[in-house]
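In: Sequence plus predicted model, see below.
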Amino acid sequence: IIFMLKKRFAQHLLIGSGILQKLVDLAEIKSEETVVEIGPGTGNLTKKLLNTPLKKLFLIEIDPEMIEHLKNIIKDERVVFINADATKFDFSLLKEKNLKLIGNLPYNVASLIIENTVMHKNCIPCAFYMVQKEVAERLIDEKSWLSIFVKTFYEIKYLMSIPAKFFIPPPKVISAFIKLERKDFKESFNLKEYKNFLTKLFSQKRKMIKHKIDETYLKKSGISGEKRVEELELKDFLSLYFAFLKSK
């Protein structure tokens, strides 16, 4: 199996059977649910997922050789193989309203996959991801454009830590299993525009926000222009954004 791992895909396979089962248990897969596994690799987690009463399992794998390997070892009519890049994949193509995503995300693109999950929030009420512990902590505790972007639409829960010894090859970091659970967020707006708005606010963090955003939005939102971006709360970002939208 090891010969199949490619450095450019940052593949670290999770091999501890007990840990794999724990992840599946945490995902609480119910009968008739449609599940998407991102980066199934050699199928270790896939096999455990197929022991649940799921209705359908989409496997999204970027490496065509891995796809061929999976097709040889997995014979289950519930499985659909997709050779695609999960950072850019359009989940609406799966024509399902409620997708449950699960995956051991490649470390070098985990943030991009999380961003893409939010972009398709309408069909993804729930996602369970293995990421670097540091990435998980940053998403939950720190303020970055990505953490605000995710938290606008999802609650992020830290479920468990996983030591390097459970992977082949062992990564140099501890991993974390997190859950994204969609909020009941009624407002609908252009996600790309909202992302651009946040990235602009977070550029040059030390600058006061009055140097980054029109004072009229600040006045409408009742937010002091003297503040720096890390001093703002989620509700402040939203009120600034809605003030910006209204003025357009």
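Out: That came through fine.
In: so how far is P163 from the spatially most central residue of the chain?
Out: A centroid search over the chain (C-alpha atoms, centre = their mean) returns I114, at 2.5 Å, as the residue closest to the centre. The gap separating I114 from P163 is 22 Å, by C-beta to C-beta, to the nearest Å. C-betas here are computed from N, CA, C, even on glycine.
In: and the residue nearest to the centre of the chain, helix, strand or coil?
Out: helix (DSSP: H, G, I helix; E, B strand; the rest coil).
In: Distance check, it against L105.
Out: 8 Å.
In: what about the helices in the protein?
Out: 17-27, 44-49, 64-73, 110-119, 133-141, 145-153, 191-202, 215-221, 234-247 (DSSP state H).
In: rank the ones you listed by pLDDT, which is bottom?
Out: Mean pLDDT values for the helices of the chain show the minimum at helix 215-221, a mean of 86.
In: Can you list the buried residues in it?
Out: 217-218, 220-221 (16 or more other C-beta atoms under 10 Å).
In: swap in stretch 96-103?
Out: 96, 99-103.
In: hang on, the earlier thing: now the residue nearest to the centre of the chain: closest residue in space that isn't a chain neighbour?
Out: Spatial nearest neighbour of I114, excluding adjacent residues (C-beta to C-beta, 6 or more residues apart in numbering): V150 at 6.3 Å.
In: My guess is I82 contacts L57. True?
Out: No: using C-beta atoms under 8 Å, I82 is not in contact with L57; the gap is 10.8 Å.
In: These two: who's more crowded?
Out: L57 (23 against 15; other C-beta atoms under 10 Å).
In: Report the beta-bridge partners for the more buried one.
Out: V35, V79 (DSSP bridges).
In: Touching, it and V80? I think so.
Out: Yes: using C-beta under 8 Å, L57 is in contact with V80, at 7.2 Å.
In: give me the number of residues near P171?
Out: 14.
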